[in-house]
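Student: Turn this into a structure:
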Amino acid sequence: MEHTLIKVGFPHQITPYAKRALCMCHLDDLPSLSTRGYYCPQCNAKYCDLPAECRVCGLMLVTAPHLARSYRHLFPLKLFQEQVCSESGPQHCYGCTKIFDREKMDKNVYLCVGCSQVFCVDCDIFLHDIVHTCPGCASSPEIQQL
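Tutor: Have a look, this model is predicted:
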């Protein structure tokens, strides 16, 4: 896996009493003069909406909440290993604490490779599609230090 660094700027918000300036995001449309928006920290170009890439210097402009919301997409949860449920294995799901019914529905269970906890199919889908975090890994101090 190759790592790529992206230069990101956190623009400061324009005060309501600032002078009117041309917005760089609407140059193609009708130019708009307004006192609301954000200044690029590198070149001082004005933008009214974020996230955006600065047209002047090419810096990616985001706010801290934008970056926090996108973090889970940068590091997705690894796929769990599908295993056949056995009598000697765990008796319940680590996520929902449902007891595995080996004869009827729970022939396969899903093992997290990070913390070795076992999950049912419903929790596997929920953790990968909605939560994006393994509760076993998140609650383990040893894994969190890595």
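Student: Break the protein down into its domains, please.
Tutor: Using automatic domain parsing, the domain parsing of the chain gives 8-73, 81-145.
Student: Just put the ones you listed in JSON lines and tack on mean neighbour count and mean pLDDT.
Tutor: Yep, even glycine has a C-beta here, placed from its N, CA and C like the rest. Output for the domains of the chain, formatted as JSON lines (neighbours: other C-beta atoms under 10 Å; pLDDT from 0 to 100):
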{"stretch": "domain 8-73", "mean neighbour count": "14", "mean pLDDT": "75"}
{"stretch": "domain 81-145", "mean neighbour count": "15", "mean pLDDT": "85"}
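Student: which residues in this protein form strands?
Tutor: 8-9, 12-13, 21-22, 33-34, 38-39, 46-47, 52-53, 60-61, 81-84, 108-111, 118-119 (DSSP state E).
Student: Make CSV from those and add distance to residue 129 to it.
Tutor: Shown next, in CSV, are the strands of the chain (distance: least, C-beta to C-beta, whole Å):
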stretch, distance to residue 129
strand 8-9, 27
strand 12-13, 34
strand 21-22, 43
strand 33-34, 40
strand 38-39, 33
strand 46-47, 33
strand 52-53, 29
strand 60-61, 27
strand 81-84, 16
strand 108-111, 13
strand 118-119, 13
